[in-house]
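Asks: Any chance you could fold what I've pasted below:
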Amino acid sequence: QVQLVESGGGLVQAGGSLRLSCAASGRTFSSYAVGWFRQAPGKEREFVAAIRWNAGYAYYADSVKGRFTISRDISKNTINLQMSSLKPEDTAVYYCAVAANPPSGKISTHSYYGDWGQGTQVTVSS
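Replies: Predicted coordinates for the structure are as follows:
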């Protein structure tokens, strides 16, 4: 089992930027996909972005495409989510999670992800 720890959340004004990080311990991300999901109060958990660790191929939800960038730092075994042009509707708890090589059509399906971090709060004020 891998332990995931998110960091970098906080309060930012609309139009601002934040960078989230997800660090793994227990094993490397090799051969896995690592995803970011978010959940706002009263809403279901939704997919934000994911990256295949080995290939570096990234996937994004339409709602964040062009504003968020997911990347990997191989030397630190860390996934980063750079968030720019933030909107109040981006306010949520953000979670990182790992999935064992999910098919591309399921990369955004949270049930494919087996290990989850504790989450980090992102609040965007208007």
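Asks: ok, now which ones touch the most centrally placed residue in the chain?
Replies: By Cα atoms, centre = their mean, the chain has its centre lying nearest to Trp36, at 2.0 Å. By Cβ atoms under 8 Å, 6 or more residues apart in numbering, the contact list for Trp36 reads Leu20, Cys22, Val48, Ala49, Ala50, Ile70, Ile79, Leu81, Tyr94, Tyr95, Cys96, Ala97. In short, each C-beta sits where N, CA and C put it, glycine included.
Asks: now it: how far from Trp53?
Replies: Distance, Trp36 to Trp53, by Cβ to Cβ, to the nearest Å: 14 Å.
Asks: likewise Ser71?
Replies: 11 Å.
Asks: Tell me which of those two has more neighbours.
Replies: Trp53 (20 against 14; other Cβ atoms under 10 Å).
Asks: Contact partners for the more buried one?
Replies: So Trp53 contacts Thr28, Phe29, Ser30, Ser31, Tyr32, Ala33, Val34, Arg72 (Cβ under 8 Å, 6+ apart).
Asks: The fifth one against Val98, yeah?
Replies: Yes - in this structure, Tyr32 is within contact of Val98 by Cβ atoms under 8 Å, at 4.7 Å.
Asks: which residue ranges form the strands in this protein?
Replies: Taking DSSP state E as the criterion, the chain contains strands spanning 3-7, 10-13, 18-25, 33-39, 46-52, 58-60, 68-73, 78-83, 92-99, 115-116, 120-125.
Asks: How far does the first one sit from its chain's centre?
Replies: Read that as strand 3-7. On the basis of Cα atoms, centre = their mean, to the nearest Å, strand 3-7 sits 11 Å off its chain's mean C-alpha point.
Asks: contacting residues around it?
Replies: Counting by Cβ under 8 Å, 6+ apart, 20-26, 94-98, 115-120 sit against strand 3-7.
Asks: Also the second one?
Replies: Residues outside strand 10-13 that contact it (Cβ under 8 Å, 6+ apart) are Leu18, Leu86, Gln121, Val122, Thr123, Val124, Ser125.
Asks: What is the burial count for the third one?
Replies: If you count neighbours by other Cβ under 10 Å, Gln121 ends up with 12.
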